[in-house]
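S.K.: Build the 3D model from these lines:
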Amino acid sequence: MSTIATRLLLAALPCLLAVGCKQMNTQALNSEGVRLYQSGNYAQAADQFQRAVATDPKNATSYYNLAAALHKSAKLQNNTAEFAQAEQLYNQCLEYDPNHTECYRGLAVLLTETNRRDASFRLLEGWAQRSPKLADPRIELARLLEENNNLPQATTRLVEAISIEPQNSRALTALGRLREMSGDRAQALANYQRSLTINRFQPEISTRVASLQAAGVSPAAPPIVTPQGDTRTATQWQPVVRY
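M.R.: You can find the predicted model right below:
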C-alpha cells in the first residue's frame, strides 16, 4: 500500500470507529430499554430510549421505542401530555423510516385510543397509497378493520396484501383466521398450511391446522393471484400529511 493511501486510511479510521461506536451504543441502549420495558419499568425504559435518540438522532427505531414506552405509560396513568409526546415521537420515527411497520401500528392504536379513529384509517390508507408495492400497509389496515368488526373489508385488504407479496406469512395467517371466523374452514386450512411452509415457527397455527385436520377438513385449492403492475406516473415529491 502506498504511503498516501496509508495516510488516507489512517485519517479515515477515527471516523469509521466513531460511526461504529455510535451504532453499537445506540443498539446497546435500545436493548437495555427493551429489557426494562418488558419487565414493566416504563419510565426507566424511556430514559434508555431517550439516551439512544441523543446518541443517534436519526435512528427511527429509537424514536419508535421511546414513543412506545411513553404510550404505555400514558395509558396506565391517563396522561394527556405523554399521549401527545408519544404521538410526536411516532411521527418523528416515520420521518426517518417512512415504512416503519411497528411505528404505523403504534400510531394507529394511539389515534384510536384518543378518539380519532378516522385519523387512524387516514394514516394507514395514506401509507398504502404511498407504498403500493408493500404488503404491510394492507395488513395493518386489515387489523384495524377487523378491530372495527368490518371483516369483509379486512379480508379484501389481506387478499390485496397477498397479491403484492404472495409469500407473506403474516398476511396468510391473518387471512386464514378471518376465513375460519367466517366459517370457511377449508380455505382457512389452505391459508394456514401455506403460511407454515413459509414460516414454520408458528406453534399456534400448527395447533389450528392439527385441529382442523382432526375435524376432517380438507384444504381448498388455492386461487391463483396475478399481481397488477404499478401504473402510477411519477410525481414531484410533496410533504407528507399522514392523517
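S.K.: nearest spatial neighbour of the residue most central in space within the chain, skipping sequence neighbours?
M.R.: The centre of the chain sits closest to residue 101, judged by CA atoms, centre = their mean, with a distance of 2.2 Å. Take residue 101 and drop its neighbours on the chain: the residue closest to it by CB to CB, 6 or more residues apart in numbering is residue 136, 4.6 Å away. From N, CA and C alone the C-beta is placed, and that goes for glycine too.
S.K.: Go ahead and confirm that neighbour touches residue 99.
M.R.: Yes - with contact defined as CB atoms under 8 Å, residue 136 reaches residue 99; the gap is 7.1 Å.
S.K.: Contact partners for residue 196?
M.R.: Residue 196 is in contact with 169, 202, 205, 206, 209, counting by CB atoms under 8 Å, 6 or more residues apart in numbering.
S.K.: likewise residue 106?
M.R.: Contacts of residue 106 (CB under 8 Å, 6+ apart): 64, 67, 68, 71, 86, 90.
S.K.: Of these, which belong to helices?
M.R.: Among the contacts of residue 106, the ones falling in helices (DSSP state H) are 64, 67, 68, 71, 86, 90.
S.K.: would CSV of these with pLDDT, distance to residue 154 and neighbour count be doable?
M.R.: Shown next, in CSV, are the ones in helices among the contacts of residue 106 (pLDDT from 0 to 100; distance: CB to CB, whole Å; neighbours: other CB atoms under 10 Å):
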residue, pLDDT, distance to residue 154, neighbour count
64, 98, 25, 27
67, 98, 26, 26
68, 97, 24, 27
71, 98, 24, 23
86, 98, 26, 26
90, 98, 23, 29
